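K.L.:
Take a look and give me a structure for this.
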Amino acid sequence: VQLQASGGGLVQAGGSLRLSCVASGSIFYIGHMAWYRQAPGKQRELVASVSSDGRTDYADSVKGRLTVSRDNAKNTMYLQMNFLKPEDTAVYYCNADVRAYGVGSTRYWGQGTLVTVSS
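P.N.:
So this is what the prediction gives:
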């Protein structure tokens, strides 16, 4: 099982980006999925999460600007990022609790995608 994050880039403050996280491999079921971010010199922090039935949760700093969603048929999670601020600059990582065929549930991490917001 692998997670591939993509969609990062350079954007001006107030702009938008859409991140994707695709899970691939012998996947039987994907449970909880989440986006984290890590800014330079800071600890990794939880940004948003989505359960298998679509319930979402957000860090206070991104509520109203970022929206997490998932497409279970495509094994994909998205993060729509609007009204971006310079403080959103970070490497964004996705993770997912995946049950592969013949294997118990394991938490996997994607490789990260860099988001840079210029002022």
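
K.L.:
what about residue 45, distance to residue 95?
P.N.:
13 Å (Cβ to Cβ, to the nearest Å). Where you see a C-beta, it was placed from the backbone N, CA and C, and this is true even at glycine.

K.L.:
Between the two, which contacts overlap?
P.N.:
Common neighbours of residue 45 and residue 95 (criterion: Cβ atoms under 8 Å, 6 or more residues apart in numbering): residue 36.

K.L.:
These two - which one has more neighbours?
P.N.:
residue 95 (20 against 12; other Cβ atoms under 10 Å).

K.L.:
how about that one, secondary structure?
P.N.:
strand (DSSP: H, G, I helix; E, B strand; the rest coil).

K.L.:
quick one: contacts for the residue lying closest to it once chain neighbours are set aside?
P.N.:
Distances taken as Cβ to Cβ, 6 or more residues apart in numbering put residue 109 closest to residue 95, at 4.8 Å, once the chain neighbours are dropped. Neighbouring residues of residue 109 by Cβ under 8 Å, 6+ apart: 3, 93, 94, 95.

K.L.:
ok, so of the residues you listed, who is nearest residue 36?
P.N.:
Residue 36 has its nearest neighbour among the contacts of residue 109 in residue 93, at 4.7 Å by Cβ to Cβ.

K.L.:
For burial, what's the neighbour tally of the closest one?
P.N.:
20.

K.L.:
So it sits against residue 5, correct?
P.N.:
Yes - at 6.6 Å, residue 93 counts as touching residue 5 under the criterion of Cβ atoms under 8 Å.

K.L.:
what is in contact with those two at once?
P.N.:
Common neighbours of residue 93 and residue 5 (Cβ under 8 Å, 6+ apart) are 110, 111, 112.
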